[in-house]
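> How does the following fold in three dimensions:
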Amino acid sequence: GAAFADAADLVDAIKAVNGEILGTLSGFTLLVGMMPSDVGKLGKNPWVEGITPYRPSMKISPALRSGAGRVLSVAELKKVKPAEGEPQRLEPVKIALFPGEDPAALAAKIRQAGGSVARQDRSTLVASISRDSIPALAADQGVQSIQPFRLPKLHNNKAKEIMGIPMDQTFGSLNLTGAGQIIGIADSGLDTADPATLHRDFRDRVYGIFSLPMDPLFRTYTNNDNFNDGAADTDSGHGTHVTGSALGNGAEAVAAGAEFVPKGSAPEAQVYFQAVDQLAQWKSVAEVNAAGLPPPPFVPEWPTYWPPDPIGLYGLPDNLADMLGPAYAAGVRIHTNSWGSADEGEYSVSSQQVDEFLWTHRDMTILFSAGKDGDDTKGRQHQPIHQKRHKILEADDKAGLHCLNRCQGVKHEQRRREPNGQLFAGTGHWTG
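Residues are numbered from 1 along each chain as shown. Below is the predicted model of the structure:
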């Protein structure tokens, strides 16, 4: 097999031949703009399986060409054959352009071919085009891809369906909404943690919100002045998302006038929230050694994997009963935890702690997510969950849940195609 390259080495090798990465394709394939004369130099790297010109047929979605296969034959690479059907029927498409290309020029081509443009911005056009005009548009050097344009559909509304919860919360003659229940959640944090500005979906149903301080195990390896950074969900938004999935009532969507109003499984329950994310200002390796501290037991190899992530679930107590006990005393009888360690179902000390707590608190139900390792045929459960007395939540790899936190987009740097250069799709192997 081909050798593997570190991602940084791969980028450096492409820059060395004055190439620029313009995008990625499936199967460890990069889209690169470079001069044809430099292809041989790049191809000499042991991790490169092959480099081929980015042909017009490679730009077109299988749904818009004959055969609808993802793997193109030699004949299909040479010539684009539009999908069978009425040649003049207009297809709604979304056309992506390479950075620096002129969308107005392409829009003019579309209109000249009898199509129409509904929307254009710096890098994309949404248009209606005839099938027989697709090959000519794909041959344009400025076009990166042509795909069917379809209105998006919500995917974050399936968890209740998977769990068999009716949308109207009615089970036989009973309407079960969680009213009168207190759900305990231990997670990263809860929105702003301020009752006055908390997310509307649970603003008036917070029974209690607490931040668990950093466990003493970690403290000696940090330079922290403060071991409790509060209950606000300032990093990942994960705890806010989990809370919305459990008991969001859709108030935010109603206030925004949304047509679809997502709700959690128990939209009238209260929440007892325990924030366990904490910020750690880790000592350097030199500082740890100078302090005479032993190698930290929470990293797999010292000092190779030091430091750990600065933000983590460092507020989880060494004994989970110390977290579950106060929740139970507050009236919590359902406690949900969407976290765990990748130990492939090992019955750990944490598993034992949860079992012992359940044994002495028979009216308590404790839920843990099963983790995301493995697949539907070979699952790998994360501890502390173990198929004994704990309940497993397994919707992670089958459906999303509606996000109730302020979501952030990811920006990436746009790179221009070199004048007189050519686009190539290169396949290889790399890591990182």
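
> low-confidence ranges in the stretch 1-150 of the chain?
Across the stretch 1-150 of the chain, residues meeting the criterion (pLDDT under 70) sit at 1-7, 24-28, 66-89, 150.

> one more time with 80
Judged by pLDDT under 80, the stretch 1-150 of the chain has its weakly predicted residues at 1-10, 23-30, 62-63, 65-90, 118-119, 121, 149-150.

> got the residue ranges for the helices in it?
Taking DSSP state H, counting those that start in this stretch as the criterion, the stretch 1-150 of the chain carries its helices at 7-16, 39-43, 74-78, 103-112, 134-138.

> swap in the stretch 201-350 of the chain?
For the stretch 201-350 of the chain, helices defined by DSSP H, counting those that start in this stretch occupy the ranges 216-219, 238-247, 251-255, 285-290, 321-329, 349-360.

> Rounded mean pLDDT for the last one, please.
Just to be clear, that refers to helix 349-360. Across helix 349-360, pLDDT averages out at 81.

> Kindly report the same for the shortest one.
The average of the pLDDT scores along helix 216-219 is 86.

> which helices and strands does that helix pack with?
Helix 216-219 sits against no helix or strand, with contacts defined as 3 or more CB pairs under 8 Å, 6 or more residues apart in numbering; DSSP states H and E. Backbone N, C-alpha and C define where each C-beta goes, glycine included.

> buried set for it?
By neighbour count, with 16 or more other CB atoms under 10 Å as the criterion, the buried positions of helix 216-219 are F218.

> circling back: for the helices of the stretch 201-350 of the chain, give me JSON lines that also has distance to S265.
Formatted as JSON lines, the entries for the helices of the stretch 201-350 of the chain read as follows, by distance: least, CB to CB, whole Å:
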{"stretch": "helix 216-219", "distance to S265": "33"}
{"stretch": "helix 238-247", "distance to S265": "6"}
{"stretch": "helix 251-255", "distance to S265": "16"}
{"stretch": "helix 285-290", "distance to S265": "44"}
{"stretch": "helix 321-329", "distance to S265": "18"}
{"stretch": "helix 349-360", "distance to S265": "21"}
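
> and the ones you listed, which is most packed in?
Taking mean count of other CB atoms under 10 Å as the contact definition, the stretch among the helices of the stretch 201-350 of the chain with the greatest mean neighbour count is helix 238-247, which reaches a mean of 25.

> what does that one rub up against?
With contacts defined as CB atoms under 8 Å, 6 or more residues apart in numbering, helix 238-247 is touched by 159, 178, 183, 185, 187-191, 199, 201-202, 205, 233, 262, 264-271, 273, 275, 277, 336, 338, 401-405.

> can you check stretch 136-144 too?
Residues lying outside stretch 136-144 but in contact with it, judged by CB under 8 Å, 6+ apart, are 22-23, 31, 56-57, 59-60, 80, 95-98, 101-102, 105-106, 109-110, 113, 129, 146, 417, 423.

> Report the buried members of the residues you listed.
For the contacts of stretch 136-144, burial is judged from neighbour counts taken by 16+ other CB under 10 Å, and it is met by 22-23, 31, 56-57, 59-60, 80, 95-98, 101, 106, 109-110, 129, 146, 417, 423.

> Any idea how many residues pack against the closest residue to E287 other than its chain neighbours?
Using CB to CB, 6 or more residues apart in numbering and skipping residues adjacent in sequence, the residue nearest E287 is N223, 7.5 Å away. N223 has 10 neighbours, counted by other CB atoms under 10 Å.

> Report the contact partners of N223.
Listed by CB under 8 Å, 6+ apart, the contact set of N223 reads Q281, W282, K283, E287.

> And V285, by the same measure?
Neighbour list for V285: P303, W306 [criterion: CB under 8 Å, 6+ apart].

> can you pull the pLDDT of it?
The confidence metric pLDDT takes the value 95 at V285.

> what's the distance between it and P307?
From V285 over to P307 the distance is 8 Å, taken as CB to CB, to the nearest Å.

> With A96 instead?
Using CB to CB, which is the criterion applied here, A96 is 39 Å from P307.

> Then L247?
Where P307 is concerned, L247 sits at a distance of 36 Å (CB to CB).

> R131 too?
Between R131 and P307 the distance, using CB to CB, works out to 56 Å.

> Same question for A107.
Applying CB to CB to A107 and P307 gives a distance of 51 Å.

> and what of G142?
Using CB to CB, one gets 45 Å for the distance from G142 to P307.
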